[in-house]
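A.B. asks: Output the structure for:
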Amino acid sequence: MYKTIKRLGTSISVSMTLLIGFGATALLFLGTCKLEDDAFNIDFARRASLRMTTLQHGLEEAVQVLTVINRLFVAVDNPTRAQFNTFTEPLLQKYPYVQAFSFQRFVAHDEREAFEVGMRKRFPGFVGITTLSAGVSQPAPLRERYLVVDYLAPMQGNRAALGLDLSANQVVMTTLQQAIETGKPVSTGALQLAQTATSERGLLVLMPVYRVGAPLETVQQRRAAVVGDTTAVFHARVLLQKIFNKVQPIRADDVDVSVYIGTSAAPADLVYRTNDIPAAQRQALLPVTFGYRKPVRVQRTFDIAGQAWHLEVKSAPIPLTANHANSLLILAAGTLLTLLTAAYLYALSMRSRRIQRTVEERTAELRLTNVLLKEDIHARQLAERALQLRQRAIDASANAIIILQAVAPEYPIDYVNPAFERITGYSAAEVSGRSIRLLENDGGSTQGFDDIWSAMAERREGNVVLVTRNKAGEQMWNDFYIAPVKGEGGEPTHFVAALYDITSMKRYEAELEFQANRDVLTGLVNRNTLRNELTQAITYAARYHRSLWVVFVDLDRFKFVNDTLGHKAGDLLLKTVAGRLRGAVRDTDTVARLGSDEFVIVMSDYTDAGLDTRRLRRIQEAIAAPMTIEGHTFFPTCSLGVAAYPEDGSDAETLVKYADIAMFRAKQSGRDDYQFYTPAMNEQALERLRIEGDLRSALERNEFLLHYQPKVDLASGLIVGMEALIRWNHPELGMVSPLRFISLAEETGLILPIGSWVIRTACQQAKAWQDAGWGNLRVAVNLSVRQFVQKDLVSSIASVLRQTGLPADSLELELTESLVMTDVDQAINILRQLKDLGVHLSIDDFGTGYSSLSYLKRFPIDVLKIDQSFVRDITLDVDDAAITASIISLAHSLKLHVIAEGVETVEQLDYLRLHGCDAMQGYLFSPPVPPARFEQLLQQQNIPSAAALLSSAC
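C.D. replies: Predicted structure coming up:
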């Protein structure tokens with residue numbers, strides 16, 4: 001009975017002990033679980049935020065790379081393919097997540113064949129302009145304009161995109177329009193790349209490229225000036241993987257990251273996921289009820305380059321045992337303590353069980369020790385392999401790696417990789433044990449090496465740009481990084497340094513800086529630098545009450561050199577003149593080239609007595625010295641315009657503008673002269689602008705009219721033709737002389753529509769007179785240079801003849817000697833096409849140019865017109881008379897008709913008849929007259945007395 005009660009008491013005591021112990025353990029376990037869950041959620045939210053921030057910053061950095069590329073097309077007018085590849089090569093190395101950089105060029109339909117031929121020459125096997133349809137590359141259909149991938153780097157792995165036409169891709173064109181409107185880089189959505197054969201997608205970031213010098217203030221101007229775009233191509237999965245790996249590689253069993261290009265988690269917008277098993281499937285496989293906690297989800301949506309990105313970070317289904325170590329430990333400890341307490345009460349009866357439990361525990365510990373030992377051996381093997389891999393990576397690195405001993409003061413070299421030997425020319429044996437100062441640039445600054453020595457002395461990291469010399473003595477630019485390597489005791493035992501060769505980049509930067517501030521051809525300062533230096537000179541002159549001259553220099557007849565000897569000779573002339581200008585002024589004066597043959601000299605830091613016209617004459621004398629180019633001797637002259645500070649203006653733009661106006665007056669005065677600016681000159685310039693503005697609308701308002709000067713046959717005395725001469729009846733200025741507006745029309749390009757009107761009107765009038773019974777009168781029309789070189793000249797004249805009904809034989813086109821001699825071969829080709837139409841061709845002002853007889857007989861012309869400068873003095877000047885007679889004889893020997901223009905006296909007429917001239921025109925018979933007056937002349941010639949004047953000269 002006692003034993004039964006004792007056993008019962010013992011059982012109750014054990015039961016109560018177990019109940020209290022398990023209850024307390026359960027409360028502690030649940031409370032600790034709650035704290036661990038909260039800590040896990042906070043830590044996961046932090047890590048998820050880090051991933052999101054890393055993605056956002058990485059994408060922004062990727063977009064900024066395109067801005068760097070686009071600056072090349074702003075700084076360099078139409079850079080070459082080699083410049084593009086050189087510029088992008090370091091960027092591709094620095095940003096490995098970029099699939100490719102490219103430049104898309106707009107190619108018109110009529111330029112397609114030339115473009116494809118040029119590309120095949122550069123890239124054998126190039127099939128032509130292609131388009132991407134359903135992921136397959138095929139020849140692009142005919143379009144009015146293509147947006148073609150022209151420049152592409154790197155070519156390896158991206159060759160399939162070369163020549164790809166993106167104009168049919170609505171996503172790309174819409175993105176380009178957004179970039180033009182915003183003026184910023186804009187990203188596309190997810191799309192199929194031509195470079196990838198898989199279904200994985202990528203994205204493009206575009207930035208427009210504009211024509212250099214075009215105005216870009218408005219969207220319309222930017223759309224008109226765009227010539228293409230620069231593009232950064234990204235493989236979406238590769239880009240995102242490398243961005244995430246910059247912080248820490250993502251473990252699929254730890255976190256599930258999903259990235260969508262869009263504003264929501266639409267399956268069609270998914271471009272990246274850390275695990276291929278869908279989240280819903282993983283939840284179904286690992287439900288919470290079977291010991292897995294519910295995943296934590298964090299979402300964020302942000303905008304990069306005009307494109308929305310949606311990011312979801314979700315924790316993987318984690319077993320409860322994975323992050324509840326403390327609570328499980330408490331549970332185990334509480335349970336163990338409860339059991340031990342209960343076991344203590346049963347000590348005598350449970351001794352054998354305690355021994356058995358102890359044996360089992362020791363066995364488990366031995367197994368665990370064995371497992372840990374195997375893991376340690378495996379970790380050592382992995383570490384050894386990692387060390388070998390690092391060594392191979394260092395040896396294969398394209399940048400120089402140097403290991404130095406942390407032993408002052410020399411810090412001798414322990415190791416260099418092969419890249420060091422290639423970059424510096426020194427072998428590893430030559431530099432072993434020596435100081436890195438052996439690369440020091442003799443005579444140069446030692447600041448960079450001093451900074452390195454300070455960093456090593458202070459046992460810290462350092463980064464400097466060094467100017468060094470290689471073994472061959474050539475100067476190099478290097479980016480140098482150094483960091484301490486600590487030993488087991490925590491003190492640095494060595495330093496590891498990385499040396500990057502940035503010589504080519506530095507040279508390119510220097511070249512860009514030179515091009516930005518200097519004229520490439522002459523080496524003089526350019527327009528931008530001139531503005532800055534002139535502003536500084538004005539400030540200095542104002543402070544110290546000094547005078548300042550701005551001299552505008554323009555070469556006379558520079559176009560003559562370009563037209564006769566070509567642009568190469570013209571460039572040589574400009575470089576020679578630039579050197580003479582520098583030698584004609586002081587070192588403190590500024591000489592700049594604005595463009596073409598225009599120069600500006602800033603004469604500053606002079607007292608009032610120091611500036612006089614002798615300095616201007618010195619400039620003229622320096623330029624006027626004889627100059628031999630390609631075997632031809634020239635005597636160049638120049639026209640100078642001068643604006644003075646402070647009399648004429650107080651800012652740079654005003655002074656340059658007034659000096660330009662004064663130079664123009666010097667040109668008008670006969671060239672080889674200088675003029676000082678006066679307010680009256682500005683009024684004349686404004687009047688010229690007014691005439692130019694009115695000229696643009698004169699054709700629409702029917703203000704132009706034609707006068708006709710008769711051409712008289714010297715044998716019969718009858719009118720056989722007429723020359724059509726334009727007049728401008730201005731509503732305010734009255735009849736404006738052609739001398740005042742023809743040159744303006746040439747400069748502005750209005751000569752083309754005006755010339756077209758003249759030809760059509762003259763043909764209509766000649767046809768009307770023929771229909772009225774006045775015979776086959778031939779009308780002559782002057783052709784300008786711009787008209788002669790326009791591509792549709794022949795077809796437009798043929799169209800006018802067809803529409804007016806005038807026979808081609810009744811139209812004569814007059815061309816000057818200088819016009820046809822500019823490009824002889826091209827002129828002969830055009831003249832033959834015109835001759836094939838049946839029109840007559842004449843050389844106007846013959847004798848004033850430089851026609852070669854060998855060229856003259858090749859021209860399919862019908863008439864030579866003797867210039868009035870020879871006719872004027874044929875009765876007074878023996879030379880003019882001889883020249884005129886020679887021209888008549890020459891023309892007849894070549895079976896050409898001869899007309900003398902500007903005949904004003906009977907004596908001139910007698911001389912021309914005596915030497916066999918065929919026809920004449922001039923005030924002796926009639927000035928240019930309106931159509932009605934010309935008809936009266938036609939009527940009068942049928943009266944016998946009408947030709948009395950001409951017959952009396954026989």
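
A.B. asks: Show residues contacting stretch 421-437.
C.D. replies: The set of residues external to stretch 421-437 that reach it, using CB atoms under 8 Å, 6 or more residues apart in numbering, is 400, 402, 404, 410-416, 420, 438-439, 449, 452, 468, 470-472, 476, 497, 499, 501. Backbone N, C-alpha and C define where each C-beta goes, glycine included.

A.B. asks: just the buried members of the residues you listed?
C.D. replies: Among these, those scoring as buried are 400, 402, 404, 411, 413-416, 420, 439, 449, 452, 468, 476, 497, 499, 501 (criterion: 16 or more other CB atoms under 10 Å).

A.B. asks: which ones among those residues are found in helices?
C.D. replies: Phe420, Phe449, Ile452 (DSSP state H).

A.B. asks: Return the closest of the residues you listed with respect to Asp880.
C.D. replies: If you rank those by distance to Asp880 using CB to CB, Phe449 comes first, at 80.1 Å.

A.B. asks: So the closest one is in contact with Glu440, correct?
C.D. replies: Yes - judged on CB atoms under 8 Å, Phe449 makes contact with Glu440 at a distance of 5.8 Å.

A.B. asks: Low-confidence stretches in the stretch 851-954 of the chain?
C.D. replies: 851-855, 942-954 (pLDDT under 70).

A.B. asks: quick one: contacts for the closest residue in space to Ser639 that isn't next to it in sequence?
C.D. replies: Leaving out its chain neighbours, the residue that sits closest to Ser639 by CB to CB, 6 or more residues apart in numbering is Ala666, at 3.9 Å. Listed by CB under 8 Å, 6+ apart, the contact set of Ala666 reads Ser639, Leu640, Gly641, Asp673, Tyr674, Gln675.

A.B. asks: For the one helix or strand the first one maps to, name the packing helices and strands.
C.D. replies: Counting by DSSP states H and E, the secondary-structure element that holds Ser639 is strand 638-645. Packed against strand 638-645, as judged by 3 or more CB pairs under 8 Å, 6 or more residues apart in numbering; DSSP states H and E, are the following elements: strand 547-555, helix 613-624, helix 652-668, strand 674-676.

A.B. asks: Parallel or antiparallel, which strands does it pair with?
C.D. replies: Partners of strand 638-645 in the sheet, by DSSP bridges, are strand 547-555 (antiparallel), strand 674-676 (parallel).

A.B. asks: now the helices for the stretch 101-250 of the chain?
C.D. replies: For the stretch 101-250 of the chain, the helices defined by DSSP state H, counting those that start in this stretch occupy 112-122, 170-182, 219-225, 236-245.

A.B. asks: would you list those in JSON lines and tack on mean neighbour count and mean pLDDT?
C.D. replies: As requested, those are arranged in JSON lines below (neighbours: other CB atoms under 10 Å; pLDDT from 0 to 100):
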{"stretch": "helix 112-122", "mean neighbour count": "13", "mean pLDDT": "87"}
{"stretch": "helix 170-182", "mean neighbour count": "17", "mean pLDDT": "87"}
{"stretch": "helix 219-225", "mean neighbour count": "14", "mean pLDDT": "85"}
{"stretch": "helix 236-245", "mean neighbour count": "19", "mean pLDDT": "77"}
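
A.B. asks: Now render these as JSON lines, adding distance to Arg71.
C.D. replies: Formatted as JSON lines, the helices of the stretch 101-250 of the chain follow (distance: least, CB to CB, whole Å):
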{"stretch": "helix 112-122", "distance to Arg71": "25"}
{"stretch": "helix 170-182", "distance to Arg71": "15"}
{"stretch": "helix 219-225", "distance to Arg71": "17"}
{"stretch": "helix 236-245", "distance to Arg71": "22"}
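
A.B. asks: so which of those comes closest to Pro154?
C.D. replies: For these, proximity to Pro154 was assessed by CB to CB; helix 236-245 is nearest, at 14.1 Å.

A.B. asks: and for the closest one, what are the contacting residues?
C.D. replies: Outside of helix 236-245, the residues within contact range by CB under 8 Å, 6+ apart are 51, 54-55, 58-59, 62, 96-99, 190, 200-203, 250, 257, 259, 261, 271-272.

A.B. asks: Also stretch 114-133?
C.D. replies: 81, 107, 112, 137-141, 146, 148, 162-165, 168-169, 192, 194.

A.B. asks: In strands, which of those residues fall?
C.D. replies: Of these, the ones assigned to strands by DSSP state E are Val107, Ser137, Gln138, Pro139, Tyr146, Val148, Gln192.

A.B. asks: Out of those residues, the closest to Phe29 would be?
C.D. replies: Comparing the ones in strands among the contacts of stretch 114-133 against Phe29 with CB to CB places Gln192 closest, at 54.2 Å.

A.B. asks: pretty sure the closest one is touching Gly135, no?
C.D. replies: Yes - taking CB under 8 Å as the definition, Gln192 is a contact partner of Gly135 at 5.4 Å.

A.B. asks: When those two are compared, which one has more neighbours?
C.D. replies: Gln192 (15 against 12; other CB atoms under 10 Å).

A.B. asks: Name whatever forms a beta bridge with the more buried one.
C.D. replies: Beta-bridge partners for Gln192, by DSSP bridges, are Arg201.

A.B. asks: By mean pLDDT, flag the weakest helix or strand of the chain.
C.D. replies: Using mean pLDDT, DSSP states H and E, helix 279-285 stands out as the lowest-scoring helix or strand of the chain, at a mean of 45.

A.B. asks: going on from it, what's the next piece of helix or strand?
C.D. replies: Going down the chain from helix 279-285, the next helix or strand is strand 297-304, by DSSP H and E.

A.B. asks: Neighbouring strands of the following helix or strand past that next one in the sheet, and parallel or not?
C.D. replies: Using DSSP H and E, the helix or strand that follows strand 297-304 towards the C-terminus is strand 307-315. Under the criterion DSSP bridges, strand 307-315 sits next to strand 255-261 (antiparallel), strand 297-304 (antiparallel) in its sheet.
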